[in-house]
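Chemist: Give me coordinates for this.
(chains A and B)
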Amino acid sequence: SQQGEEDPQALSIQEGENATMNCSYKTSINNLQWYRQNSGRGLVHLILIRSNEREKHSGRLRVTLDTSKKSSSLLITASRAADTASYFCATSEGGGNKLTFGTGTQLKVEL
Amino acid sequence: GAGVSQTPSNKVTEKGKYVELRCDPISGHTALYWYRQSLGQGPEFLIYFQGTGAADDSGLPNDRFFAVRPEGSVSTLKIQRTERGDSAVYLCASSPGQGEGYTFGSGTRLTVV
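Modeler: Okay, the predicted model is just below:
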């Protein structure tokens, strides 16, 4: 079952613009993570934000977390064609380290 | 190793056959995970190992699916009597422990014909 839902499902922007993707989830979490996937194979971990954090930065990435609204957003600034990929949020809940992934946002950055 | 290695990268099998998918995690990573991903969907959890034991196998769809990790390193996902609906990319990941991000392998694309 999918815990998170990303919004929008697909996003097309011009190089240099910012891209914002949103993720909503249903249950209490320990942390929320964002992953990137190119061409339907392995996923790459981008950033992890814990439930007691509200914002985190990594290079051109900015992630926010609002636990009261059960939502997170991923902002990619100054996008590049190489950022074209699918982006997934994933949540960790309970005592284990199992991640539950959302349905993903397909980002296309055009030259 | 430097990353998570999955073999084979592609597997085509006939309906009803048995298949084994292998995952070699990052050395020292105690946690190992198997996921399945269908086209246009997010990865779906199958099973999670902490060391040699299955900590959570609640995602295995039925008793045709089984996974082992006998020495706490390499893991094998085994699928008996394969069905066309088992066709998907099977992803393996490992992590150092709780509260850490995963490192994924490149996956095995399984096609059941």
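Chemist: contacting residues for residue 51?
Modeler: Since no chain was named, I'll use chain A. With contacts defined as Cβ atoms under 8 Å, 6 or more residues apart in numbering or on different chains, residue A:51 is in contact with A:28, A:29, A:30, A:31, A:32, A:65, A:67. Yep, even glycine has a C-beta here, placed from its N, CA and C like the rest.
Chemist: Sorry, I should have been clearer: chain B.
Modeler: Residues B:30, B:69, B:72 are the ones in contact with residue B:51 under the rule Cβ under 8 Å, 6+ apart.
Chemist: One more pass at 10 Å, please.
Modeler: When the contact criterion is Cβ atoms under 10 Å, 6 or more residues apart in numbering or on different chains, the partners of residue B:51 are B:30, B:31, B:32, B:69, B:71, B:72, B:73.
Chemist: average pLDDT for stretch A:44-59?
Modeler: When pLDDT is averaged over stretch A:44-59, the result is 96.
Chemist: now stretch B:2-16
Modeler: 96.
Chemist: Stretch B:41-61 now?
Modeler: Looking at stretch B:41-61 alone, the average pLDDT works out to 94.
Chemist: from the chain's centre, how far out does that stretch sit?
Modeler: What separates the centre of stretch B:41-61 from the centre of its chain is 8 Å, taken as Cα atoms, centre = their mean, to the nearest Å.
Chemist: near chain B, which residues of chain A?
Modeler: Residues of chain A lying close to chain B by Cβ under 10 Å from any Cβ of the partner chain are A:1-6, A:9, A:30-31, A:33-35, A:37, A:40-48, A:50, A:86, A:88-90, A:92, A:94-104, A:106.
Chemist: run the last query once more with 6 Å
Modeler: Taking Cβ under 6 Å from any Cβ of the partner chain as the criterion, the neighbours of chain B within chain A are A:2, A:33, A:41-43, A:45, A:48, A:88, A:96-98, A:101-104.
Chemist: Leaving aside the residues adjacent along the chain, what's closest to the spatially most central residue of chain B?
Modeler: Computing the C-alpha centroid of chain B and ranking residues by Cα atoms, centre = their mean puts residue B:34 first, at 3.4 Å. Taking Cβ to Cβ, 6 or more residues apart in numbering or on different chains as the measure, residue B:34 lies nearest to residue B:46, with 4.2 Å between them; neighbours along the chain are not counted.
Chemist: which element is the one you found on?
Modeler: Here residue B:46, judged by DSSP states H and E, is contained in strand B:44-50.
Chemist: Contacts for that strand next, please.
Modeler: For strand B:44-50, contacts defined as Cβ atoms under 6 Å, 6 or more residues apart in numbering or on different chains pick out A:98, B:31-36, B:54-57, B:59-60, B:67, B:69.
Chemist: again, but for stretch A:90-99
Modeler: Counting contacts by Cβ under 6 Å, 6+ apart, the residues outside stretch A:90-99 that touch it are A:3-4, A:25, A:27, A:29-33, A:100-101, B:31, B:45, B:48, B:56, B:98.
Chemist: The contacts of residue B:51: which two are farthest apart?
Modeler: Taking every pair in the contacts of residue B:51 and measuring Cβ to Cβ, the maximum separation is 14.9 Å, between B:31 and B:71.
Chemist: Show me what stretch B:7-21 is in contact with.
Modeler: B:22, B:76-82, B:90, B:108-112.
Chemist: Now do it: distance to the chain's middle.
Modeler: Between the mean C-alpha position of stretch B:7-21 and that of its chain there is a distance of 13 Å (Cα atoms, centre = their mean).
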